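Novice: predicted model and sequence below, questions to follow.
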Amino acid sequence: MCGIVGYVGPRPAAELLITGLRRLEYRGYDSAGIATLDDDCTLHRHRTVGEVDNLARTVAVGGAPGSTGIAHTRWATHGIPSDHNAHPHASSAGDVIVVQNGIVENYRELRAELQAFLDAENRSWQSDTDTEVIPELISRQLAAGRSFEDSLAYAVGRLRGANAIAAFHRRDPDRIYAARKGSAGGIVVGYGEGEMFIASDLPALLPHTTSVHHLEDGDIAAIDRDGVSVRRSGEPAFKPTPREVDLDPIAIARGPYRHFMLKEIHEQPRALSDTIRGRARLNPPNALPSDLNLSDATLREIERVLVIGMGTSLHAAMIGRWWIEQIAGIPADFDNASEFRFRAPLLGPSTLVVAVTQSGETIDTLGAMNHVRDRWGAPQVVITNVDGSEATRQADASIVMRCGPEVGVASTKTFVGSLAALYLLACRIGRAQGRLSQDDLTVHLEQLLTAPSLLERGVQRAERCSEIAQLFGSASNFLVLGRGIEYPLAMEAALKCKEISYVHAEGYAAGEMKHGPIALLDHQFPVIALAPRGPLFDKMTSAIQQVSARRAPVIAIGDEGDDELAELVDHFIGVPPAPPLLTPFSLTPVVQLLAYHIALARGLDIDQPRNLAKTVTVE
Ligand code: AGP
């Protein structure tokens, strides 16, 4: 979602800011903008719809001198994507420049309040955004004689909703400011030699520094070329101690792959091996032996597990529910975090809540976690790919996947990382509860250790997926059917098709198909059937027969060498046979590759699909 970068130092700011924006492109955006201030306090502001390249071209023509500046990629929430709605926004007096990530929920109320001032000065709003109230609030306080920091703190105090803000004062070319309220994606300060950076996320900082400080909820920061001073809820200002991060910039390069998504699909075997390394021990059998900060005594008390998440993470949660029931042997459920947080379900301290969020910053999931803590005090575990993310700070315990940075907006390797963590957690709970014997635990762990090779062989089916995509690339609809543990995967396959191929696709439980969706089927409506051999195979083949009887073309994904299935359907993709609980690992790469190749056949922008954001920090 929106990306923020800022710079103060001796170097020309514009090029650094634009490079920083490029490194945040993966978050998703629809327009971009930059504001720099030169030594004479002349403001240079440019805003363009579309890609950062457009902004770079505009800056090359118009110029943006100065060694202080802020820049932004916008993902529209209030007001269409347009030049005038793009950030940075300025106060009506032109003295305050602001970029923001988040939503000002009470912006109508604030606009109404500020309208009287604008009317009195015969000025008007310059955009349709909620953001514009922020520079206006700051500017009014400056006019009343308060310092910039006090004015920013006042403005932040007036905002409802989660927000991350960067700003500067038109008459102060030596300083930029940042503020964080709630969980709107965060702000990281980067320490250089005689220069300082800010950004929404680490990739924008890594070419310059690995020495960083994350702002916390409520922080107001003043940054000059020598460092940062932070004010937190009325306490005296302090200079934080930076910490070193060890993200490898090479890991976020695309390498020989045409798209990050393809690279990340291929990285899945390694991401899974890294995630389970040291966490699936066989002699003696042990799952998550050292890094789950919850005691066996706590896990023994648990009577129920609720797994929550959004999008792909919700699909992982659904599969996790299946494993917790089957492996741990205790009641489990899943819920969509954005719905759960506004329900009044009956939890209690004996329910373990497991939040799945690759970014650790999804506002719906964080909201649900807050809801759990405030209302029931139930223990919470987060499964995430980002150590130090907001979710890890809120949870009682974390399982951090080790997938490396995921740049493609469509989650792939973090999906399998989440699955691995859920599987291990199911094993650990089952053991702590005494419901899973040592021998059964050994079998489950041995099976999990085969998962990287299942993924590896699935990834090798790219060519076959490409052939199928050539045949069906122009279809307008897909139905994806699965049963049991493959049903959530059918939903994930459909989500991937929607996200990157912009094709309408529905994931359905195969048994549900005849209760309505079957009415849609005809010879132009391809159906993808997830049909590995397993306890529900016969029921899947019945559904396939029902589809074929309506002349809808069937693409089945089943066990390699399953000639009986191959003969039954129009097109067949074989995957390595897997134990019944492990089929999500054998099928996942193929459904991802199918969506990828359909998008490729349709000539779409795979790594930056329209309207989507990698980190969803607004409701
Ligand atoms: C997945 O491809 C999407 N990017 C989206 O559905 C995502 O899974 C969802 O927004 C949740 O994100 P999170 O895992 O960071 O919480």
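Specialist: Noted; the coordinates are in hand. Numbers count the residues shown, from 1 in each chain.
Novice: got the residues of the stretch 1-150 of the chain near the ligand?
Specialist: Taking CB under 6 Å from any ligand atom, no part of the stretch 1-150 of the chain reaches the ligand. Placement of C-beta: from N, CA and C, glycine included.
Novice: so, low pLDDT: which residues of the stretch 1-150 of the chain?
Specialist: 1 (pLDDT under 70).
Novice: for the ligand, what is the nearest residue in it?
Specialist: G28 (8.5 Å; CB to the nearest ligand atom).
Novice: tell me the contacts of that residue?
Specialist: M1, W75, V409, Q608, P609, N611, L612, A613, K614 (CB atoms under 8 Å, 6 or more residues apart in numbering).
Novice: quick check: the last one is in a strand.
Specialist: Spelled out, that is K614. No. Under the criterion used here (DSSP: H, G, I helix; E, B strand; the rest coil), K614 is coil, not part of a strand.
Novice: dihedrals phi and psi, it?
Specialist: phi -70, psi -40 (degrees, to the nearest 10).
Novice: what is the burial count for it?
Specialist: 23 (other CB atoms under 10 Å).
Novice: output the contacting helices and strands for the helix or strand of the chain with the lowest mean pLDDT.
Specialist: Lowest on mean pLDDT, DSSP states H and E among the helices and strands of the chain sits strand 243-244, with a mean of 87. For strand 243-244, the packing partners by 3 or more CB pairs under 8 Å, 6 or more residues apart in numbering; DSSP states H and E come out as strand 211-214.
Novice: circling back to that earlier point, drop anything exposed from the contacts of G28.
Specialist: M1, W75, V409, Q608, P609, L612, A613, K614 (16 or more other CB atoms under 10 Å).
Novice: and which of those is nearest M196?
Specialist: M1 (23.8 Å; CB to CB).
Novice: circling back: the contacts of G28: which two are farthest apart?
Specialist: Largest separation among those by CB to CB: M1 and P609, giving 13.4 Å.
Novice: picking that back up, quick one, phi psi at the spatially closest residue to the residue of the stretch 1-150 of the chain closest to the ligand that is not a sequence neighbour?
Specialist: Nearest in space to G28, with sequence neighbours left out and distances taken as CB to CB, 6 or more residues apart in numbering, is A613 at 3.3 Å. Backbone torsions for A613, taken as degrees, to the nearest 10, come to phi -130, psi 150.
Novice: which residues are in contact with A613?
Specialist: Contact partners of A613, counting by CB under 8 Å, 6+ apart, are M1, R27, G28, Y29, W75, V409.
Novice: now do it against the ligand, distance only.
Specialist: From A613 across to the ligand, the span is 8 Å (CB to the nearest ligand atom, to the nearest Å).
Novice: the strands in the stretch 1-150 of the chain, which residues?
Specialist: 3-8, 31-37, 43-49, 68-74, 89-90, 96-102 (DSSP state E, counting those that start in this stretch).
Novice: possible to save these as a markdown table with mean neighbour count?
Specialist: As requested, the strands of the stretch 1-150 of the chain are arranged in a markdown table below (neighbours: other CB atoms under 10 Å):
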| stretch | mean neighbour count |
| --- | --- |
| strand 3-8 | 29 |
| strand 31-37 | 28 |
| strand 43-49 | 21 |
| strand 68-74 | 29 |
| strand 89-90 | 24 |
| strand 96-102 | 28 |
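Novice: could you redo the ones you listed as TSV and give each row distance to L593?
Specialist: Shown next, in TSV, are the strands of the stretch 1-150 of the chain (distance: least, CB to CB, whole Å):
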stretch	distance to L593
strand 3-8	29
strand 31-37	31
strand 43-49	32
strand 68-74	29
strand 89-90	42
strand 96-102	33
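Novice: looking at the ones you listed, which is nearest to V443?
Specialist: Shortest distance between V443 and those, using CB to CB, is found for strand 3-8: 45.8 Å.
Novice: what parts of the stretch 201-350 of the chain come near the ligand?
Specialist: By CB under 6 Å from any ligand atom, the residues of the stretch 201-350 of the chain that approach the ligand are M310, G311, T312, S313.
Novice: mind doing that once more with 8 Å?
Specialist: G309, M310, G311, T312, S313, L314 (CB under 8 Å from any ligand atom).
Novice: of all the residues in the stretch 501-619 of the chain, which one is nearest the ligand?
Specialist: Closest point on the stretch 501-619 of the chain to the ligand, by CB to the nearest ligand atom, is V616, at 4.5 Å.
Novice: meant to ask about the chain, not that
Specialist: G311 (1.9 Å).
Novice: wait, that residue touches S411, no?
Specialist: Yes. Using CB atoms under 8 Å, G311 makes contact with S411 at a distance of 7.4 Å.
Novice: more neighbours, these two?
Specialist: Ranked by neighbour count (other CB under 10 Å), G311 and S411 place S411 first, with 28 against 23.
Novice: I'd say Q470 and I598 touch.
Specialist: No. Assessed by CB under 8 Å, Q470 is found out of contact with I598, at 9.4 Å.
Novice: neighbour count winner among those two?
Specialist: Shown here are Q470 and I598; by other CB under 10 Å, I598 has more neighbours (27 against 13).
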